[in-house]
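Colleague: Sequence first, predicted model second:
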Amino acid sequence: MTRKDRYQFVIDYFSEHAPEAETELLYDNPFQLLVAVILSAQCTDKRVNLTTPVIFAKFPDAESLAKATFDELFPIIKSISYPNNKTKHLIGMAQMLVADFNGEVPLKVEELIKLPGVGRKTANVITSVIDEQPNMAVDTHVFRVSARIGLTLQAKTPLQAEQQLIKFFPKELIHKAHHWLILHGRYVCVARSPKCEICGLQQGCKYFQATLKN
DNA sequence: ATCCCGAGGG
DNA sequence: CCCTCTGGAT
């Protein structure tokens, strides 16, 4: 199977079985999504979703979060990974939104990555989810699943994987493909003992074909 | 012991 | 390139 065929197989499968795939992070506006994605590093979406409503009840927008003190915010996100860093990042991020972006979330990757706590992956999530820009956020799930299936070849970094994925997925499907791969990685193609026996991608998956030989 | 929608700094 | 941050779930 050529790589192009593999991509088409994946597109056909998910178009039929997961046409509605979207983020599981809860949010009502770009600001809330940005906060949620910053918190999501090395943490489950489920836990993020338990935390963000408490934050937004007290700090509903960039202006209020910019005025928050460390000691006000830290206890709320204490049970998330890296609470120290994330507390500083969230407040700094809100302060920069107010200072440089009129309190609004910019929708350009180059501007987003200037914000504290916002790297390439987060910037790609925001621009693709909010604005459907053809950017592929490569997180741990996308990286692992793409490598297993054979969508990416010899990708050693998330950036290399991203470049391959945006080259082969049609532009208009990139923001959707991101969620296909995330959700597949979360529920089927999990890191430890992937559930190949219930996976609909067997016939197009490099990893499954390789394990068959054993 | 390993993994969860990573980012920043050296 | 490496390292650190660092809590909860399985």
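Modeller: Received the coordinates, thanks.
Colleague: Stretch A:149-159 close to DNA strand B?
Modeller: No - applying Cβ under 7 Å from any atom of the strand, one finds stretch A:149-159 separated from DNA strand B by no less than 7.6 Å. (Glycine included, C-beta is placed from N, CA and C.)
Colleague: Show residues contacting that stretch.
Modeller: A:3, A:6-7, A:10, A:120-121, A:138-139, A:143, A:145-147, A:160-161, A:164-165, A:168, A:189, A:201, A:204-207 (Cβ atoms under 8 Å, 6 or more residues apart in numbering).
Colleague: Relative to DNA strand B, how far out is the closest residue to DNA strand C within chain A?
Modeller: Closest contact between chain A and DNA strand C, by Cβ to the nearest atom of the strand, is at A:N84 (2.6 Å). Counting by Cβ to the nearest atom of the strand, to the nearest Å, the separation of A:N84 from DNA strand B is 10 Å.
Colleague: what does A:L112 give?
Modeller: 9 Å.
Colleague: Wait, that residue touches A:A123, no?
Modeller: Yes - counting by Cβ atoms under 8 Å, A:L112 does reach A:A123; the two are 3.8 Å apart.
Colleague: out of the two, which sits in the busier spot?
Modeller: A:A123 (25 against 22; other Cβ atoms under 10 Å).
Colleague: residues touching that one, list them.
Modeller: With Cβ under 8 Å, 6+ apart, A:A123 has these contacts: A:109, A:112-113, A:135.
Colleague: and what of A:A41?
Modeller: A:81-82, A:86.
Colleague: do the same with A:I80
Modeller: A:39, A:43, A:47-48, A:51, A:86.
Colleague: What is the nearest of these to A:A68?
Modeller: Nearest to A:A68 among the contacts of A:I80 is A:K86, at 12.5 Å by Cβ to Cβ.
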